[in-house]
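>>> Fold the following and give me the result.
(one chain, ligands or ions: 1)
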Amino acid sequence: MDLHLKDKVFVVTGGSKGIGEAISRAIINEGGIVVIASRSVNETQALVQEFEKKGSKSHGILGDLQEPGQCKKVISKTIELFGRLDGIVNNAGLNDGAGLEAGPEAFRKSLEVNLHHYYDLVHFALPHLKKSKGAIVNISSKVALTGQGGTSGYAAAKGAQLGLTREWAAALLPFSIRVNAILPAEVMTPLYRKWLNTFSDPDAKETKIISKIPLEKRMTTSEEIAAMAVFLLSDVSSHTTGQFMIPDGGYVHLDRSLT
Ligand code: NAP
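Sure, this is the predicted structure:
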């Protein structure tokens, strides 16, 4: 199926590692142009070089998206380089474990890390998305629906991203800008590996989690999340907006007696 992404321009935050990297690769494989906004210097430079070698167009914009000025720069640089913007994938984030005991400052910091730049980037992108009737994909998390324990800031941010998905889908109806969310559950990425390593026996923890994933008793791959993302960015999903997509092998919703 042709997703019609050829020569269209997409910003992917955190687009050089884990799920974001897979989304960047999927956009490139569909003939699109990707602008990677990330603070991961080596990974971003290596991925952009790899894309350039293949003859694909991409660009890396390095910096911390917690700064609103950085989000503004990402959009202005994208327009300067490519002259258009067809979609945003808000993906950068991290489960920082700011729980109830961590205190007000840690909670606020967690919202900065995980939430504010989702808004800031879309705010600065809006005039360009209106022109292109672009699409927005917010990468949230199963934690927004299930909780996890010990991570108030991350859970609040991931829940807020779902609220913003519906709010923006409603607000942007007049411009035919579609807004959807993807809620990954268990996907092996550098971030996930780091989290597993906080347990005394990471392998045992991983085996236990995998045993509870109903479909094929395996983790979702980054590529499976990316496939959903490019579908939502493309006009193949032209009547899908305000939706929460949960490609997780049935982890969140299927009958527990099955595992
Ligand atoms: P990852 O492996 O850590 O990749 C995320 C990338 O985003 C990293 O390069 C990271 O840089 C970058 N980043 C984070 N915050 C940033 C900021 N403020 N400014 C610029 N770059 C920033 O993470 P992932 O597992 O792929 O997660 C991607 C998204 O999926 C996140 O929103 C996460 O909450 C969500 N998610 C993941 C899972 C899972 O199972 N993996 C499950 C549910 C939801 P640094 O390495 O420097 O932090």
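
>>> tell me how far the helix or strand harbouring Leu232 is from the chain's mean position?
Here Leu232 is covered by helix 222-233, with elements defined by DSSP states H and E. Helix 222-233 has its average C-alpha position 10 Å from the chain's average C-alpha position, going by Cα atoms, centre = their mean, to the nearest Å.

>>> which is the next helix or strand following it?
strand 244-245.

>>> and stretch 229-240, how far apart are its ends?
Using Cα to Cα, to the nearest Å, the end-to-end distance of stretch 229-240 comes out at 12 Å.

>>> near the ligand at all, that stretch?
No - residues of stretch 229-240 are not located near the ligand by Cβ under 6 Å from any ligand atom, the shortest gap being 10.6 Å. C-betas here are computed from N, CA, C, even on glycine.

>>> Give me the contact list for that stretch.
1, 3-5, 10, 23, 26-27, 30, 86-87, 89, 135, 137, 139, 178, 180, 182, 245 (Cβ atoms under 8 Å, 6 or more residues apart in numbering).

>>> could you flag which of the residues you listed are buried?
Using 16 or more other Cβ atoms under 10 Å as the burial test, the contacts of stretch 229-240 include 3, 5, 10, 23, 26-27, 30, 86-87, 89, 135, 137, 139, 178, 180, 182, 245 as buried.

>>> circling back to that earlier point, need the mean per-residue confidence for the helix holding Leu232.
Averaged over helix 222-233, pLDDT sits at 98.

>>> Report how many residues lie close to Val12.
Val12 has 32 neighbouring residues, counting by other Cβ atoms under 10 Å.

>>> out of the contacts of stretch 229-240, which are inside helices?
When the contacts of stretch 229-240 are checked against helices (DSSP state H), the matches are Ile23, Ala26, Ile27.

>>> For the residue nearest the centre of the chain, give its distance to the ligand.
Closest residue to the average C-alpha location of the chain: Asn91 at 2.4 Å, with Cα atoms, centre = their mean. Here the distance between Asn91 and the ligand works out to 5 Å (Cβ to the nearest ligand atom, to the nearest Å).

>>> Next, see if the helix or strand containing Ser110 gets close to the ligand.
Using DSSP H and E, the element containing Ser110 is helix 104-111. No - Helix 104-111 stays clear of the ligand (Cβ under 6 Å from any ligand atom), getting no nearer than 11.1 Å.

>>> interface residues of the stretch 1-150 of the chain facing the ligand?
So the stretch 1-150 of the chain meets the ligand at 14, 16-20, 38-40, 64-66, 91-94, 113, 139, 141-142 (Cβ under 6 Å from any ligand atom).

>>> mind running it again at 5 Å?
Near the ligand, the residues belonging to the stretch 1-150 of the chain are 14, 17-19, 38-40, 64-66, 91-93, 139, 141 when assessed by Cβ under 5 Å from any ligand atom.

>>> So His59: helix, strand or coil?
The three-state label given to His59 by DSSP: H, G, I helix; E, B strand; the rest coil is strand.

>>> Now the nearest residue to Leu85 once chain neighbours are set aside: phi and psi?
Spatially, and ignoring its direct neighbours in sequence, Leu85 is nearest to His128 (3.9 Å; Cβ to Cβ, 6 or more residues apart in numbering). Dihedral pair for His128: phi -80, psi -40, per degrees, to the nearest 10.
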